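Enquirer: Pasting the sequence and the predicted model now:
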Amino acid sequence: MVPKFAFTTWLIVQERLLTKDRMINFRMRTTSSCVLCGVADESHAHLFCHCTYIRSIFASWNHGITSVWDDLKSGRIFTGQISSIEKEISFLFISSVFYSVWRERNLRVHEGGTHNSWASLLVNIKRDVKGKLASSARFRKCVHRDTTLVLNLY
């Protein structure tokens with residue numbers, strides 16, 4: 001696991017990031033709408049589970065990822081059965097998605113404008129995941145036995 005991905009994921013699950021709903025609770029001046037989709041109010045549940053931006057990214061992954069915030073927070077992430085190595089790869093993918101979406105959100109909030117579409121962000125996420133997996137001897141051994149493990153990344 002990449003430390004910055006893991007830490008950001010932990011903050012998300014604990015609902016400790018300064019999302020717009022929390023900013024408003026702290027009496028900070030901001031609009032409540034999500035900068036990624038503009039449809040709903042921004043909260044942890046919306047931004048990391050329900051937003052069309054993140055749902056589009058999750059839909060590209062072969063292993064179904066839940067759209068229920070409480071399930072996501074409690075670790076019931078996948079909608080079907082997957083192997084332990086697929087689960088590890090999926091956790092790396094999800095943590096990379098969380099980190100990248102939070103970073104994209106911050107770029108839009110603090111620098112304004114639209115930066116990356118979900119599709120271009122997905123390309124960067126898959127590149128990061130492939131890079132991390134390429135450095136893992138265990139993963140290389142598993143891919144040697146089952147080459148379909150990498151199909152999600154292309």
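Expert: Yep, that arrived.

Enquirer: Helices of this protein, start to end?
Expert: 3-13, 20-25, 44-45, 52-59, 69-74, 84-111, 118-134, 137-145 (DSSP state H).

Enquirer: among those helices, which is nearest residue 36?
Expert: Nearest to residue 36, of all those, is helix 52-59, at 3.9 Å by Cβ to Cβ. Glycine gets a C-beta too; all of them are placed from N, C-alpha and C.

Enquirer: ok, and for that closest one, which residues are buried?
Expert: Across helix 52-59, burial judged by 16 or more other Cβ atoms under 10 Å covers 53, 54, 57, 58.

Enquirer: Mind giving me the packing neighbours of it?
Expert: On a contact count with 3 or more Cβ pairs under 8 Å, 6 or more residues apart in numbering; DSSP states H and E, helix 52-59 meets helix 84-111, helix 118-134.

Enquirer: and residue 143, what does it touch?
Expert: 149, 150 (Cβ atoms under 8 Å, 6 or more residues apart in numbering).

Enquirer: Need the pLDDT of it.
Expert: pLDDT, residue 143: 84.

Enquirer: repeat for residue 15
Expert: 97.

Enquirer: returning to that earlier point: can you put the buried residues of helix 52-59 in CSV and add pLDDT and distance to residue 84?
Expert: As requested, those are exported to CSV (pLDDT from 0 to 100; distance: Cβ to Cβ, whole Å):
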residue, pLDDT, distance to residue 84
53, 98, 29
54, 97, 25
57, 96, 23
58, 94, 20
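
Enquirer: By mean pLDDT, flag the weakest helix or strand of this structure.
Expert: The helix or strand of the chain with the poorest confidence is helix 137-145; it has a mean of 86 (mean pLDDT, DSSP states H and E).

Enquirer: circling back to that earlier point, please indicate which of the helices and strands packed on helix 52-59 has the most neighbours on average?
Expert: Comparing the helices and strands packed on helix 52-59 by mean neighbour count (mean count of other Cβ atoms under 10 Å), helix 84-111 comes out on top with a mean of 18.

Enquirer: Save the helices of the chain as TSV, and put in distance to residue 154 too.
Expert: Output for these, formatted as TSV (distance: least, Cβ to Cβ, whole Å):
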stretch	distance to residue 154
helix 3-13	20
helix 20-25	35
helix 44-45	31
helix 52-59	15
helix 69-74	26
helix 84-111	13
helix 118-134	8
helix 137-145	13
